[in-house]
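Undergrad: Attaching a predicted model along with its sequence, questions to come.
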Amino acid sequence: MNKASEQGVARRHRLSELLRDGPVSSLGSALKIAAFGDSVTQGFTQVDTLEPDIVYHQKVKSALEAAHPGLEVEVNNAGLALDTATDALERLGRDVLSEDPDLVIVGFGLNDAIGLGSATGGLAGIDEFRRSLSAIIDGVHQHNAAQVILLTPNFMVSRDDVRHIAEKERAYLPLLLPVQRDGVVAAYADAARQVGAAKAVPVADVYQAWARLEAEGRDTNELLANGLNHPGAEGHELTAELILAELALLD
């Protein structure tokens, strides 16, 4: 076994030990999670409203500490509004790797699909998105072999509905609506699944969960705090449940 493989085994062992047994003095008492993503991860619910306490990673923290008395979970919120996977590569070392996390949750796709920053956007940007996600995973594994869990993006707005869309954000509707309606967000979700399979990392499939709700007759626009792209508390709870389910499957 080479050094990188040994490091990976040791890191996974630490994570599983902490999840199973709580603090282990020889390994340190805290489970360190880095949540690396965009405005959803950062905690924005509307354009000028930041609510980091309701975000999925805080719900994961609370659930893990409740399930494992004595376990301290430290969460590094490395979300940044308007960020894409491509642009986030530049801050991976500073915002994530420097904290030496045990687990890195990676959630991009919404801004990538739109084409913000240096991202190409649209269906033409899929390959770029795959490469950027792959590079993020490689960067984490090369640094300390931390466990990575990928998130697929949530749905964005699927119809114009004045009951749900925040008036101060209505100007963004023409930009976001076709990206959801034309299957672009779905394509980015599929790209994240493909990267997860290629890199052998778990995928918490948020998009699939929202699609299931839609198939059951749920109006998914109601899960968007601003009616456009930012999930509210229920949407974040759903993401947390998916992450916890993936953690339960880790060896």
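TA: That came through fine. Numbers count the residues shown, from 1 in each chain.
Undergrad: where along the stretch 151-251 of the chain do the strands fall?
TA: Taking DSSP state E, counting those that start in this stretch as the criterion, the stretch 151-251 of the chain carries its strands at 203-204.
Undergrad: What segments of it are helices?
TA: In the stretch 151-251 of the chain, the segments counted as helices under DSSP state H, counting those that start in this stretch are 173-181, 184-199, 206-215, 233-248.
Undergrad: Measure how the second one sits relative to helix 206-215, angle-wise.
TA: Orientation of helix 184-199 against helix 206-215 (axes from the mean of the first three to the mean of the last three CA atoms, to 10 degrees) gives an angle of 130 degrees.
Undergrad: now do the shortest one
TA: Between the axis of helix 173-181 and that of helix 206-215 there is an angle of 90 degrees, by the same axes, to 10 degrees.
Undergrad: Contacts only, for Leu151.
TA: Counting by CB atoms under 8 Å, 6 or more residues apart in numbering, Leu151 makes contact with 37, 105-107, 192, 203-204, 206, 239, 242-243. (C-beta placed from N, C-alpha, C; glycine too.)
Undergrad: ok, now Ala225?
TA: Residues near Ala225 by CB under 8 Å, 6+ apart: 45-46, 49, 231-232, 235.
Undergrad: Pick out the lowest-pLDDT one from these.
TA: Least confident entry in the contacts of Ala225, by pLDDT: Gln46, with 92.
Undergrad: Phi, psi for it please.
TA: As for Gln46, its main-chain torsions (degrees, to the nearest 10) stand at phi -140, psi 170.
Undergrad: Next, count neighbours for the residue lying closest to it once chain neighbours are set aside.
TA: Excluding the flanking residues, the one nearest Gln46 by CB to CB, 6 or more residues apart in numbering is Asn226, at 4.4 Å. As a burial measure, Asn226 scores 21 neighbours (other CB atoms under 10 Å).
Undergrad: any idea how far Asn226 lies from Gly232?
TA: In this view, Asn226 and Gly232 are 9 Å apart by CB to CB, to the nearest Å.
Undergrad: next one: Met156
TA: From Met156 to Gly232 the distance is 14 Å (CB to CB).
Undergrad: shared neighbours of those two, anything?
TA: Leu224.
Undergrad: of the two, who's got more company?
TA: Comparing Met156 with Gly232 by other CB under 10 Å, the one with more neighbours is Met156, at 26 against 17.
Undergrad: Check the more buried one and give its pLDDT.
TA: In this model, Met156 carries a pLDDT of 98.
Undergrad: what's the answer for Leu244, then?
TA: Taking Leu244 on its own, its pLDDT is 97.
Undergrad: ok, now Asn2?
TA: With respect to pLDDT, Asn2 has a value of 48.
Undergrad: Can you give me the neighbour number for the closest residue to Ile165 other than its chain neighbours?
TA: Closest residue in space to Ile165, ignoring its immediate chain neighbours: Gly227 at 3.5 Å, by CB to CB, 6+ apart. If you count neighbours by other CB under 10 Å, Gly227 ends up with 27.
Undergrad: how near is Ala192 to Thr41?
TA: Using CB to CB, one obtains 14 Å as the distance from Ala192 to Thr41.
Undergrad: what's next to whatever helix or strand Ile33 lives in, contact-wise?
TA: Using DSSP states H and E, Ile33 sits within strand 30-37. Strand 30-37 is contacted from outside by 15, 18-19, 23, 41, 55-57, 60-61, 64, 71-80, 83, 88, 92, 95-96, 99-108, 136, 146, 151, using CB under 8 Å, 6+ apart.
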